[in-house]
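*Asks:* here is my input; please provide its structure:
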Amino acid sequence: MPFTKQFFHQRDLQRQGKSPQFGSFKYSAHDLYDKGILLSIDQTSPRQFDKIDIIISSNKVGIFSLAVIDSHLSVTMGETDLKMEDLLQSHFENRTALSLFDGLAKFNLNLLLFQINKK
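*Replies:* Residues are numbered from 1 along each chain as shown. I've put the predicted structure just below:
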């Protein structure tokens, strides 16, 4: 399906020469919130989530980069790298929520793992 948010994201990455080896996926925070993956973003109302994008990409096996970007201001609110082994260890410890970006965003751990494995 051409001309989607994902299409333009892939095209921009190719133009910049930054195409990750194992893929990069751009999601609206609103979509992830509706699916239950995103629980909250500090100092941001759920009504403002349509203005925020979350990018999940991987350039190395087992390491995922997450970035939260305010799409209207083109400002990166936070970036972090996650190791699959750390996610699975948290899952083994029966944690339900995962706080990222120094407490800026909170994700449902089980659903985030499912989303990463799905793509």
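*Asks:* helix, strand or coil for the nearest residue to residue 76 once chain neighbours are set aside?
*Replies:* Nearest non-adjacent residue to residue 76, counting by Cβ to Cβ, 6 or more residues apart in numbering: residue 69, 5.3 Å away. Every residue, glycine included, has its C-beta placed from N, CA and C. The three-state label given to residue 69 by DSSP: H, G, I helix; E, B strand; the rest coil is strand.
*Asks:* surely residue 69 touches residue 56?
*Replies:* No - if you go by Cβ atoms under 8 Å, residue 69 and residue 56 don't touch, sitting 11.9 Å apart.
*Asks:* longest helix anywhere in the protein?
*Replies:* When the chain is parsed with DSSP state H, its longest helix is helix 5-16.
*Asks:* what strands flank the helix or strand that that helix is followed by, and is each parallel or antiparallel?
*Replies:* Downstream of helix 5-16, the first helix or strand assigned by DSSP states H and E is strand 24-28. As defined by DSSP bridges, the strand partners of strand 24-28 come to strand 52-60 (antiparallel).
*Asks:* what's the angle from the partner strand to helix 5-16?
*Replies:* 50 degrees (axes from the mean of the first three to the mean of the last three Cα atoms, to 10 degrees).
*Asks:* going forward, the N-terminal residue is numbered 20.
*Replies:* In the new numbering, first residue 20, that becomes strand 71-79.
*Asks:* just the buried residues of strand 71-79, please?
*Replies:* For strand 71-79, the neighbour count (16 or more other Cβ atoms under 10 Å) marks 71-77 as buried.
*Asks:* same check, this time on stretch 130-138
*Replies:* 130-132, 134-135.
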